[in-house]
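Engineer: Could you look at this predicted model? Sequence included:
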Amino acid sequence: MSASLGEAQPESRRRTREFTLAALAVAYPTEEEALIFEAMRAELSAHPGLGAMLGRISSGLAALQADYLECFDHGHERVALYETEYGRMRGLSKGNTLADIMGFYQAFGFSIEDGAGVEMPDHLAVQLEFYGLLLHKSDLLNDSGDLVGQEIVEDARRKFLADHLGGFVRAIATRPTVATHTVYGPLLAWCADLVEAECRRMDAHPAPLDFFAQDDASEVANCGGCVSIPGLTGPDPLTRR
């Protein structure tokens, strides 16, 4: 049995909340996001990853949106938030990577809306949200005493970290454009720490991925996937969207 089966529920639910907050924070900033974080200002003002974002929101949503575009969607200096933008063989493997990610999502009832403004499946925000869903499922299965179900979800968590989420987060955080940014530097460093702690917990060993800037500087930003936080807003993540 995995060491994390039957873990203390307050700790597990804290991590679920952290992952869903991280997913919300690394998505393109929207009015909904700003309202959620404003409502949590007293709780999160000293947060190591989110405190700077809260401060920036005070300057208005447009300022935070400009920060996002500066880091992640501006020409040769942009830093991609998509897994398939990483690794020297990214062009050859993109279709297989996306298909594998979608296989994880479909197996656990995690769907992504079609239409403008919705992120691709390999976007960091979507992957963080999905991992938060798996943590939430683990809690529910633990509450019901379903050990077989828990083992299935834990196996999926370990494989998703090893094959996808765990591999490229640190590469994003350490890019100079991001690492030196007053808002997204602390945020992505915290996200990388969050994911790496989960890899250690789950004994997952992802291969690190490097970012290689593309020549195409005209790629259009794909902004604004919807992120729900269990217990705070939106639909239950088990019946997302």
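Structural biologist: Nice, I can see it.
Engineer: Output the contacting helices and strands for the helix or strand that residue 143 is a member of.
Structural biologist: With elements delineated by DSSP states H and E, residue 143 resides in helix 124-144, which encompasses its position. Contacts of helix 124-144 with other secondary structure elements, assessed using 3 or more Cβ pairs under 8 Å, 6 or more residues apart in numbering; DSSP states H and E, are made with helix 9-26, helix 90-107, helix 147-160, helix 166-174, helix 184-202. The way it works is simple: take the backbone N, C-alpha and C, and place the C-beta from them, glycine included.
Engineer: if you set the cut-off to 6 Å instead, what comes out?
Structural biologist: Secondary structure elements in contact with helix 124-144, counted by 3 or more Cβ pairs under 6 Å, 6 or more residues apart in numbering; DSSP states H and E, are helix 9-26, helix 147-160.
Engineer: Can you tell me which of those helices is packed in deepest?
Structural biologist: Mean neighbour count, computed with mean count of other Cβ atoms under 10 Å, is highest for helix 9-26 among those, reaching a mean of 20.
Engineer: Buried residues of the helix or strand just after it, list them for me.
Structural biologist: Note on helix 9-26: by DSSP H and E, the next helix or strand toward the C-terminus is helix 31-39. Applying a neighbour-count criterion of 16 or more other Cβ atoms under 10 Å, the buried positions in helix 31-39 are 32, 33, 34, 36, 37.
Engineer: list the contacts for the second one?
Structural biologist: Okay, so that is residue 33. For residue 33, the set of contacting residues under the criterion of Cβ atoms under 6 Å, 6 or more residues apart in numbering consists of residue 24.
Engineer: all numbers from here: first residue = 8
Structural biologist: Got it, the first residue is 8 from now on, which makes the last one we talked about residue 40.
Engineer: Centre-most residue in this structure?
Structural biologist: Taking Cα atoms, centre = their mean as the criterion, residue 135 is the residue nearest the geometric centre of the chain, at 2.6 Å.
Engineer: how far away is the closest residue to that one other than its chain neighbours from residue 212?
Structural biologist: Leaving out its chain neighbours, the residue that sits closest to residue 135 by Cβ to Cβ, 6 or more residues apart in numbering is residue 30, at 3.8 Å. Between residue 30 and residue 212 the distance, using Cβ to Cβ, to the nearest Å, works out to 23 Å.
Engineer: I'd assumed residue 29 was in contact with the residue nearest to the centre of the chain.
Structural biologist: Yes - look at residue 135 against residue 29 with Cβ atoms under 6 Å: they come within range, at 4.9 Å.
Engineer: What's the mean pLDDT across the helix or strand hosting residue 77?
Structural biologist: Here residue 77 is covered by helix 68-79, with elements defined by DSSP H and E. Helix 68-79 carries an average pLDDT of 94.
Engineer: in that helix, what's buried?
Structural biologist: Buried-residue list, helix 68-79, by 16+ other Cβ under 10 Å: 71, 72, 74, 75, 78, 79.
Engineer: buried stuff in the helix or strand of the chain with the lowest mean pLDDT?
Structural biologist: Ranking every helix and strand in the chain by mean pLDDT, DSSP states H and E puts helix 97-114 at the bottom, with a mean of 88. Using 16+ other Cβ under 10 Å as the burial criterion, the residues of helix 97-114 that qualify are 97, 101, 104, 105, 107, 108, 111, 112.
Engineer: Output the below-cut-off pLDDT ranges for this structure.
Structural biologist: Across the chain, residues meeting the criterion (pLDDT under 70) sit at 8-16, 82-83, 95-99, 121-124, 218-248.
Engineer: which residue sits farthest out from the middle of it?
Structural biologist: For the chain, the largest distance from the centre (Cα atoms, centre = their mean) belongs to residue 152, which lies 28.2 Å off.
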